[in-house]
Every structure is written in structure tokens, then in C-alpha cells.
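> Here you go, sequence then predicted model.
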There are 2 protein chains.
Amino acid sequence: MTPLSPKPAPRQRPTMKDVAREAGVGIKTVSRVVNGEGYVGEATAARVRAAVERLAYRRDVSAGSLRRADRRTLSIGLLLGDVSNPFDAQVHRGVEDAAGAAGFAVLSASLDEDPERERELVPTMGSYQVDGLIVMPAGPDPTALQREMDAGMPVVLVDRGVEGLETDSVVVDNQSGARLATEHLISYGHRHIAFMGDRQFLPTARMRLEGYREACWAARAATHIIPDLSNEYLAETATRAMLQASPAPTAIFAAQNLVTIGVVRALRSLGLEHEIAVVGFDDISLGDLVSPAITVIAQDPHLIGKMAAERLLARIGGDTGPVEQIIVPTSFLVRGSGEIPPA
Amino acid sequence: MTPLSPKPAPRQRPTMKDVAREAGVGIKTVSRVVNGEGYVGEATAARVRAAVERLAYRRDVSAGSLRRADRRTLSIGLLLGDVSNPFDAQVHRGVEDAAGAAGFAVLSASLDEDPERERELVPTMGSYQVDGLIVMPAGPDPTALQREMDAGMPVVLVDRGVEGLETDSVVVDNQSGARLATEHLISYGHRHIAFMGDRQFLPTARMRLEGYREACWAARAATHIIPDLSNEYLAETATRAMLQASPAPTAIFAAQNLVTIGVVRALRSLGLEHEIAVVGFDDISLGDLVSPAITVIAQDPHLIGKMAAERLLARIGGDTGPVEQIIVPTSFLVRGSGEIPPA
DNA sequence: CTGAAAGCGCTAACAC
DNA sequence: GTGTTAGCGCTTTCAG
């Protein structure tokens, strides 16, 4: 019997040598034409270009980077929480737009807020020889990233920083955004506002809680804090439980997009969506179409991604200026759910 | 004056040679330990591992692939319509999950349904030496992809096929899904149903139109076709215009997710959301929370991505079986907007 | 303006 | 079990 050896079709891309032979020139001349560097006689160049076309030649970027002085691979790594989260996906597109315009490819992966995955995937990106890294950090431990930075890898943080890591970051002012949201509810007369937020080991979640606290204290309002809501379902369940206790809050500050959705679902199921006020952090798709429409503090994730990529490309290009923390402004979208007065 | 030469910090990762020196062994022994191949004495292996740890060594995947027999780079390319479109982002995550589990990295980019970008980015992925390609094709032209396939690159198509390209694909049955949606509206008594769809050069858009036509013909209902709605805004405007003409349709089949959102926005702005029936193709986030909740034919984009990646990995692994077309089932989510009877 | 030779980090083939 | 040598596709250095 013939053993069916799984022999993958041998990749047989043409190499520079093939092009050189086809054009009847030296290999270095091909290199010069392909990279548009140095001076090559117009006639020779034309012959080379024709050969490239005829053989469908494409230069191997990674092989080239092996010997190149700057060792660039023209690629960057992007580590997000989850590429399918609408917020992250917008960041992704912002990064892609800026990187693509500069001729860089993007290698992406999801960390799922798991420090273990971060520890694993950061060096993995390194082993693919990316020229730089954009990271939405999953944990508070700076060592994996620090190690890459020590090896000369430029790193830009998005969405949140990492304590003890001296590097560029692009974030929004979570604390003042949360304070604004809470003050808005207070200005409509609420004095019993619940905070429902994501896991407290996330710096963004902590900053938003801080903003909420500031506003409550200033107004001498009680605080009611429900943290660690890591998904829609938990948020929905927690909201329902909370509203059955008494005295129930008259307003809710939902400090993350999935939490907001869970809260809205719970209110809807209890028929309370027109009784309890809600302000969310992060816009949600169709947030303007539900009834009442959801008032939110919106971020601009596409811009965040774009700025992070531009910062990174500058570093890759040799920018050695001081560490920058870029704060992207938020906007307040007043749509109805946040303007319900207390009963 | 000193010219500030932008000299990027020299990447100085340790190489196998460094590890070999540190451990006092030959370079090939390091290679064997790092790749877990062949037999190495336990004591030697331990010394090597210690040196790897001490120097924070990471093997350079791409340099290795240069000489390796199978030339694998352990990376795949993913070309989507738009990484930030919720549907595409879910496909992305499905691909990442399957690829990541097999130790493959994902290089992604957005084509924006632009054949020009496809022509450009397909060979670009090739030049990064990816081991295979998953593509949501932007245009009807098979040449760029065919060229890669001729060079031995495995290709799997998602969401839609390309005429004239003999390769694996993962799609849903758009035509029967659209027929079902339309029949559903007919069963509620509608005889004047509008079709609002995406650009007709997209195969999916054409198949959905075909399904709509079939159902209308079978019921001897008139057809009312508004194609080429490439975004939310166009869909909204077109819907508003259509409903002001007479006789206006009593139901709408919205054949794409962004179109559905535009339609819902228009109905809402005219106060007709409880008068005109709507069934959408593709689920939309929060579609169950608007009023009325949106009835849709839903796809499972995460599964589509996962199956595509699994198919591709099998091909990369040497599977030379016949071309497969995998059809992922759709599901019908009845939620209210599709069950409004004609006025 | 053009080409030959060396070498990037690694693996294949073959010694010892 | 382990080390040596050659060479992957490319860029660098240095001659012509």
C-alpha cells in the first residue's frame, strides 16, 4: 500500500536570482530596482521590471530584514482585549489605517483580559520580529512588556496604562468622564445612583469608579457600588437583583459598554426603562434607537487606534523624545435615558 | 551643529549562537532543544534551557522558515471587508481562535469591498510569506488570488465565492435565507414587499435578491427593488423616499446588517415602526431591544471564521482532497418587527 | 552604473 | 548524543 505522505505543495515563488537570470543582470541590480535605491540605467531597469512582471516576482520582506541594517520587517503587533468587541474592532481599524498608509502590516491577537495570555503573546509577537507593539494591557504586570522594551522594541499602550512601565500611551480621561456622567444624573435630582462596572483590576474601571465617587461625595449622595461585572449576562442579573432590594436606586451609571447593554436588558425585562435613569460609558451600537435612547459618554476608538499607530511609527522611525501620554477627549451624547428624573 | 541622525535603537535580541555560547554547547544542540526535536541528554538540555531563560531568548520564526524544508512561517493572512464591521470582526475572532490553537499568527487587513485594494493586498500577504490566505473577496476578478494559488498558496474564501476560482469556501445559503424571510412576510398577508439591499456586484447581495424574487413570484406578489445601498445613511434616505411614494410597500426585506439599521432609523423618524413590517438579513447588536424588536435571518460569523481557518490549516497540513464548499446554516430569529400585518 | 562575495539567524545533511 | 558545514533570499560591503 502506498503511504499517503502529506507532502504540502512546495512553495515555488521566484527569487531575485530567478529574476536576475531572466533579465540577464546581476542579483544586486534587481535588488536596486525593486527597492528603488541607487542609480540604475533606464534600459536595464526596464528589463528588470519586465522580468519581475513576467515571473510575478514579489520580494520576501522577512528574508530581506534579516540582513538589513535596521532589521525592519515592516510589520507591527497589535494585542487587543478581543478583536470582536466593537470598541476594540474600531481601535483595530484605526491602527490598520495609519499603519497601512505607512506600508506596515498588522499582526493581531486577543488577550481576553487574561494576564497569562499577555505573558505568552507578547514574546510571541517578538519572535515574529514585529517592529513595534500596540497593546491594550490585560494585567498589571509590566515584566513581559518591559522585557521587549529592553530588547529595543517600541511599545505603545492603548486604553489603559501599566503602572511601572515608562512608555507612550493613548487613553481617555476616564475619571473626569465618569464624574461628568454622575454629575449629570445628580443635576436631574438623583441622590441614589448605582455604579455598575467592570472588573476592578482594570485601571479604566477603577478610574471610572473614582470619578463616580468624587461626584457623589461632592453632592453628599450615597454610593452604591456593584463592581466586577465582566459580561452582559452578569450585568443583567446584578441589575435585576439590585432593583428588587429597597431602597432601590433611582439612577444607574453603567461604566462599560457590555454592562450598559445588560442594564438596559434588565430594565426592559422589569418594565422600568422609563422609570430608572441610565448613563453609560462608551457608546453602544443602536443606542440611539432603543426607547428611551441611551445617554452615554462616548469615546472615539478609531482615533485612539490611529494616534497609537502614529506614535508607534514615529518611535520606529527613531523618535527618541520623552514618553508621551496622549489623552483623547470624550463626548457626552444626551439622548433621553439619562434625563429621567427620580420618581 | 550636530545633525540629529534618527538612529533607531539597534534591535539586539540574543541569537542561538549567544545561547550556545552561554550554555557551552553547539548551536545545533540549542536548535534541537528549542524545537524539541531529536534526542539531547537531559543534563545538556537543562543547561540550554537555563541559558534560554537567562538571556530571554526567543527563536526567530521567519529566519528559521527560510531554511526549513516546508518553509512554514506559522502565520496566515486574513483579508476582510472591514475589521471593524461587527460581522467581519466576529469572523476574525473565529479565525483567530482556530489559528491560535494551532500556533499560527494572523495578519489581517481590510479591503473595503475595493477590488483595487484586493489586487494590491493579496500579493502583499504573499510577500510576508504567510502559509495560507482567508479572503472575503472584494471583487469578481480571480486573477490575484489565482496567481497566489499557482504559487502554491492555499486559499479559503469566506462569505462569498469568486466565479472561476476553484478553491474551498465557507458561505451561508443566502438565497434560501432570503426566500424564507420573504415567505415569512407573505405568510402574514403582505403582497407589496420592498427589497433593500447592498451593492449588486456582491454575490451575496445578488443571491439574496434572487431568493426574494423567487418568493414573490411564487406568491404572485409585485417586486419593488432598491439595490446598491452601501451604507446606513443611503439606506435610511432611500427608505424615507420610498415610503413617501404611493402605493408604499407594507413590508421591507432589508438584505444586509447596515441596511437594516438604516431602515429602522427611517421608520422611526417617520413614526412608522409599528406599521411597516421588517425582516433583516444578519443579526444586529441590540436588535432585540429596539421596539419592535427586529426579526432577522441570523448568520453565525464566529463559526464561519472558525471553519474557514480549520479548512485552511488542513490544506496547509497537506490535505489535497477535492475542493469543498461548506455551507453554514442560518437561523431565523422571530422577534416582532416581521410579524406586523399589512395595514 | 554594475556585480561578486560575505553573512543575517536559522535548519538540513552529514559527520564524529 | 553532539558539532560542523552549507545555504535559504536577501542586503551589505567593496571591487570593478
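That came in fine, so what should we check first? Keep in mind the model is a prediction, meaning the values are calculated, not measured.

> A:R206: helix or strand, and which one exactly?
helix A:203-218 (DSSP states H and E).

> Need the residues that contact that helix.
A:140, A:159-161, A:163, A:174-183, A:186, A:193, A:195, A:197-200, A:221-223, A:225, A:227, A:253, A:255-256, A:281 (CB atoms under 8 Å, 6 or more residues apart in numbering or on different chains). Where C-beta positions appear, they are placed from N, C-alpha and C, glycine not excepted.

> Which members of the residues you listed are positioned in strands?
A:193, A:195, A:222-223, A:225, A:253, A:281 (DSSP state E).

> Now do the contacts for the nearest residue to A:N231 once chain neighbours are set aside.
Once flanking residues are discounted, A:N231 sits nearest to A:L258: 5.9 Å by CB to CB, 6 or more residues apart in numbering or on different chains. Contacts here follow CB under 8 Å, 6+ apart; on that basis A:L258 touches A:198, A:231-232, A:235.

> which of these sit farthest apart?
Longest distance between any two of these is 11.4 Å, between A:D198 and A:E232; criterion CB to CB.

> In terms of neighbours, single out the busier of those two.
Shown here are A:D198 and A:E232; by other CB atoms under 10 Å in any protein chain shown, A:D198 has more neighbours (26 against 17).

> Surely that one touches A:T260?
No - between A:D198 and A:T260 there is no contact under CB atoms under 8 Å: 10.9 Å.

> and stretch A:103-120, which residues are buried?
For stretch A:103-120, the neighbour count (16 or more other CB atoms under 10 Å in any protein chain shown) marks A:104-111, A:113, A:117-119 as buried.

> so what's the residue nearest to A:N231 scoring on pLDDT?
A:L258 carries a pLDDT value of 91.

> That one belongs to a strand, doesn't it?
No - A:L258 sits outside any strand when classified using DSSP: H, G, I helix; E, B strand; the rest coil, being helix.

> ok, back up a step: kindly reformat the buried residues of stretch A:103-120 as JSON lines containing pLDDT.
Converted to JSON lines, the buried residues of stretch A:103-120 look like this (pLDDT from 0 to 100):
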{"residue": "A:F104", "pLDDT": "97"}
{"residue": "A:A105", "pLDDT": "97"}
{"residue": "A:V106", "pLDDT": "98"}
{"residue": "A:L107", "pLDDT": "97"}
{"residue": "A:S108", "pLDDT": "98"}
{"residue": "A:A109", "pLDDT": "98"}
{"residue": "A:S110", "pLDDT": "98"}
{"residue": "A:L111", "pLDDT": "97"}
{"residue": "A:E113", "pLDDT": "91"}
{"residue": "A:R117", "pLDDT": "97"}
{"residue": "A:E118", "pLDDT": "97"}
{"residue": "A:R119", "pLDDT": "96"}
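
> Can you show me the strands along the stretch 51-200 of chain A?
Assigned strands in the stretch 51-200 of chain A, in chain order: A:75-80, A:105-110, A:133-135, A:155-158, A:168-172, A:192-196 (criterion: DSSP state E, counting those that start in this stretch).

> ok now the last one, how far from the chain's centre?
The one in question is strand A:192-196. 28 Å (CA atoms, centre = their mean, to the nearest Å).

> what comes into contact with that strand?
Taking CB under 8 Å, 6+ apart as the rule, strand A:192-196 contacts A:182, A:185-186, A:208-209, A:212, A:216, A:221-227, A:229, A:235, A:238-239, A:242, A:247-255, A:259, A:263, A:342.

> Quick one: low-confidence residue ranges for chain A.
A:1-11 (pLDDT under 70).

> What parts of it come near DNA strand C?
Contact residues, chain A versus DNA strand C (CB under 7 Å from any atom of the strand): A:25-29, A:32, A:38-41, A:43-45, A:66-67.

> Can you tell me which of those end up in helices?
A:27-29, A:32, A:43-45, A:66-67 (DSSP state H).

> Only whichever of those are buried, select them in ChimeraX.
Buried members of these, defined by 16+ other CB under 10 Å, are picked up in ChimeraX with:
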select /A:29,32,44,45
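
> okay, the ones in helices among the residues of chain A next to DNA strand C in CSV with distance to chain B next?
Listed next are these as CSV, based on distance: CB to the nearest CB, whole Å:
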residue, distance to chain B
A:I27, 16
A:K28, 19
A:T29, 20
A:R32, 18
A:A43, 26
A:T44, 23
A:A45, 20
A:L66, 6
A:R67, 10
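
> Of the ones in helices among the residues of chain A next to DNA strand C, which pair is most distant in space?
Maximum distance among those (CB to CB): 31.3 Å, for A:A43 and A:L66.
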